[in-house]
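Asker: Provide a 3D model corresponding to the input given below.
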Amino acid sequence: MAPSFRQKLRAMSTILSIFLAVAVAGTAAWMVRRLDLGRDAPITECSRLVTEAFTNARDTPDSLLLARLLPLRDRCLDDAGYVDQTRRLLTNATRFTEARTLLKAADEKHAFKPDELVAQFAWIDAAESHDAWANGEEGRATELLKRATDATNGLRARWPEWSLPYRILDEANLSGASPTNDGGGTSFFQMEREARSRKLNGAWVRAQSDWQPVALTFAVAFVGMLALIAGIGGLLDARQISSVITSQAATATPGYVELKGTVHVPAGAHGVIGPHTKQYGVWSEFESKSGMKKSVVHRQRSQQKFVLRDATGDVLIDPTSMSVNLRTSTARFGNSAGQLNGTRVTERLLKEGDAAYALGELSVMTSSDGVVTRHLRAAKDGRRLFVSNYTEEELVSMERVWMGLGGAVAVSCVLLLAWGYFQRFHVASTPGSLL
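Answerer: Below you'll find the model as predicted:
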């Protein structure tokens with residue numbers, strides 16, 4: 001990889017990470033949208049004929065609507081929408097035997113999934129129980145109501161987000177024979193809302209509509225990608241720290257090296273004073289943020305070089321483009337350095353004599369009088385200049401923690417997306433006309 005390209009790549013790593021996360025999340029959301037659109041029932045000849053038959057339905061008696069639909073029976077027995085509407089009209093006309101015969105014929109054409117067929121028969125049982133109760137047949141009414149409620153309770157247990165079982169139960173509750181009749185005290189629609197709100201049964205995923213699943217997929221995929229990138233970053237940093245062999249200052253070969261020692265102010269130079277803590281050190285960084293979004297309003301970073309010293313000699317570190325990970329860091333809120341209340345102040349400080357770990361590009365220069373000076377700076381190929389007052393073991397452990405957390409969050413997001421995909425596209429769904 002060319003040095004200039006690697007340098008640009010590192011400089012743009014944050015932007016590229018966000019762009020990649022948005023791209024992957026957008027692709028996943030687009031796929032979900034395509035799958036959702038693919039689930040919409042196509043317009044068939046029978047659905048068109050049913051729509052035509054229900055023209056001006058509000059002002060048309062059920063008997064006339066039924067007369068329009070029955071001639072289509074042989075052609076449309078395999079259409080769930082047609083059978084559902086015809087069954088409803090036959091039930092309203094108390095022609096219960098014909099309604100059951102219609103459902104049995106539709107079952108032979110596989111118009112319904114098994115649970116949908118159970119719901120259709122439950123509608124008939126609930127309606128017939130009302131008729132039996134009105135005719136004084138209390139025993140038969142009770143038996144029919146029990147059969148209807150048992151069937152719908154079973155459906156409700158399997159598909160808690162499906163509206164139809166709750167509507168059947170609500171209809172059955174109007175009957176004086178209903179074992180759940182408590183004067184209107186039971187709210188089956190409230191039960192439906194509570195069931196949909198439960199997270200672990202998958203109902204909330206299956207009940208989402210329009211752009212809700214797209215937005216959810218995008219958010220989960222975006223978080224998962226950022227976590228994956230953070231985990232990969234931790235892995236690469238841990239490998240980089242572990243793979244570079246520690247060199248001694250006096251004998252290190254020019255190139256990318258790892259050094260350990262203590263940091264000091266160069267001879268004849270002055271150290272830095274932390275703007276916030278007023279403590280003495282060799283390098284400091286001060287940052288203040290304010291407002292609701294905590295935008296950076298002031299940043300100050302010392303630019304003077306400092307020395308890393310080990311038992312064999314000194315190396316002069318140029319802090320330009322240096323990245324740090326320091327244990328000496330303070331963060332406070334409130335009035336400080338002339339800032340207004342609500343400002344967050346962060347200071348990072350390398351103190352005189354701190355034990356330090358460094359990664360960077362080492363160069364060796366010899367003056368005309370034979371004085372050798374060693375410099376450590378950011379590599380031209382984009383590899384970082386990194387300084388920390390943590391030990392190598394502590395740094396590797398921290399990067400592995402980031403790797404583990406990022407990997408765990410990424411895997412969790414993948415599992416959540418897979419679970420949501422299964423719940424939404426592989427769990428049986430019902431035709432729109434029956435919702």
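
Asker: residue ranges of the helices in the stretch 1-150 of the chain, please?
Answerer: 3-11, 13-39, 45-53, 62-69, 73-76, 80-92, 96-108, 114-134, 138-158 (DSSP state H, counting those that start in this stretch).

Asker: Ok, which of those helices comes nearest residue 191?
Answerer: helix 138-158 (8.0 Å; Cβ to Cβ). Yep, even glycine has a C-beta here, placed from its N, CA and C like the rest.

Asker: for the following helix or strand past that closest one, packing partners?
Answerer: Where DSSP states H and E defines the elements, the next helix or strand beyond helix 138-158 is helix 163-173. Where contact means 3 or more Cβ pairs under 8 Å, 6 or more residues apart in numbering; DSSP states H and E, helix 163-173 is packed against helix 114-134, helix 138-158, helix 188-197.

Asker: I'd like these as CSV, with distance to residue 14 and mean neighbour count appended.
Answerer: Listed next are the helices and strands packed on helix 163-173 as CSV, based on distance: least, Cβ to Cβ, whole Å; neighbours: other Cβ atoms under 10 Å:
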stretch, distance to residue 14, mean neighbour count
helix 114-134, 50, 21
helix 138-158, 47, 18
helix 188-197, 37, 15
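
Asker: picking that back up, will you turn the helices of the stretch 1-150 of the chain into CSV that also has distance to residue 205?
Answerer: As requested, these are exported to CSV (distance: least, Cβ to Cβ, whole Å):
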stretch, distance to residue 205
helix 3-11, 38
helix 13-39, 11
helix 45-53, 27
helix 62-69, 35
helix 73-76, 32
helix 80-92, 23
helix 96-108, 29
helix 114-134, 18
helix 138-158, 15
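
Asker: Where among the ones you listed is average confidence lowest?
Answerer: If the helices of the stretch 1-150 of the chain are sorted by mean pLDDT, helix 3-11 sits at the bottom with a mean of 49.

Asker: re earlier: okay if I get the helices and strands packed on helix 163-173 as a markdown table plus distance to residue 396?
Answerer: Shown next, in a markdown table, are the helices and strands packed on helix 163-173 (distance: least, Cβ to Cβ, whole Å):
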| stretch | distance to residue 396 |
| --- | --- |
| helix 114-134 | 55 |
| helix 138-158 | 51 |
| helix 188-197 | 44 |
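
Asker: low-confidence ranges in this protein?
Answerer: Flagging of the chain using pLDDT under 70 yields the residue ranges 1-13, 38-41, 161, 174-189, 192-204, 206-207, 291-297, 328-342, 426-435.

Asker: Okay, buried residues for stretch 242-261 please.
Answerer: 247, 249, 252, 256, 257, 258, 259, 260, 261 (16 or more other Cβ atoms under 10 Å).

Asker: can you give me how far that stretch is from the chain middle?
Answerer: 42 Å (Cα atoms, centre = their mean, to the nearest Å).

Asker: Same check on stretch 98-113?
Answerer: With Cα atoms, centre = their mean as the basis, stretch 98-113 stands 42 Å off its chain's centre.

Asker: Now do the contacts for the residue lying closest to residue 123 once chain neighbours are set aside.
Answerer: With Cβ to Cβ, 6 or more residues apart in numbering as the criterion, residue 123 has its nearest non-adjacent residue at 5.9 Å, and that residue is residue 168. Contacts for residue 168 (Cβ atoms under 8 Å, 6 or more residues apart in numbering) come out as 119, 122, 123, 126, 148, 152.

Asker: isn't the second one right up against residue 145?
Answerer: No - the pair formed by residue 122 and residue 145 falls short of the contact definition of Cβ atoms under 8 Å, at 10.3 Å.

Asker: If you count neighbours, what's buried in the longest strand along the chain?
Answerer: Counting residues, the longest strand found in the chain (DSSP state E) is strand 355-366. Applying a neighbour-count criterion of 16+ other Cβ under 10 Å, one finds 356, 357, 358, 359, 360, 361, 362 buried in strand 355-366.

Asker: Now flag whichever of those residues is closest to residue 417.
Answerer: Distance to residue 417, by Cβ to Cβ, is smallest for residue 359 among the buried residues of strand 355-366, at 36.8 Å.

Asker: Quick check: bridge partners of that closest one?
Answerer: Listed by DSSP bridges, the beta-bridge partners for residue 359 are residue 258, residue 386.

Asker: try the one 4 residues further on
Answerer: According to DSSP bridges, the residues that bridge with residue 363 are residue 375.

Asker: just to revisit the earlier point, of all the buried residues of stretch 242-261, which two lie farthest apart?
Answerer: Greatest spacing in the buried residues of stretch 242-261, by Cβ to Cβ: 256 and 261 (17.2 Å).

Asker: Residue 21 and residue 388, how far apart?
Answerer: Applying Cβ to Cβ, to the nearest Å, the value for residue 21 to residue 388 is 27 Å.

Asker: neighbour-wise, which of those two wins?
Answerer: residue 388 (22 against 19; other Cβ atoms under 10 Å).

Asker: my read: that one touches residue 360, true?
Answerer: No - counting by Cβ under 8 Å, residue 360 is not a contact partner of residue 388; they are 11.9 Å apart.

Asker: Could you give the backbone dihedrals for the closest residue to residue 249 other than its chain neighbours?
Answerer: In this structure, residue 249 finds its nearest non-sequential neighbour in residue 313, 4.1 Å apart by Cβ to Cβ, 6+ apart. Note on residue 313: backbone dihedrals following degrees, to the nearest 10 are phi 170, psi -170.

Asker: OK, contacts around residue 313?
Answerer: 248, 249, 250, 374.

Asker: Distance of it relative to residue 259?
Answerer: The gap separating residue 313 from residue 259 is 10 Å, by Cβ to Cβ.

Asker: So residue 85 is in contact with residue 69, correct?
Answerer: Yes - contact criterion Cβ under 8 Å: residue 85 and residue 69 qualify, at 6.6 Å.

Asker: Need the overlap of contacts for the two.
Answerer: Common neighbours of residue 85 and residue 69 (Cβ under 8 Å, 6+ apart) are residue 50.

Asker: And the spatially most central residue of the chain, which helix or strand is it part of?
Answerer: In the chain, the centroid-proximal residue (Cα atoms, centre = their mean) is residue 220; its distance is 1.6 Å. Following DSSP H and E, one finds residue 220 within helix 212-243.
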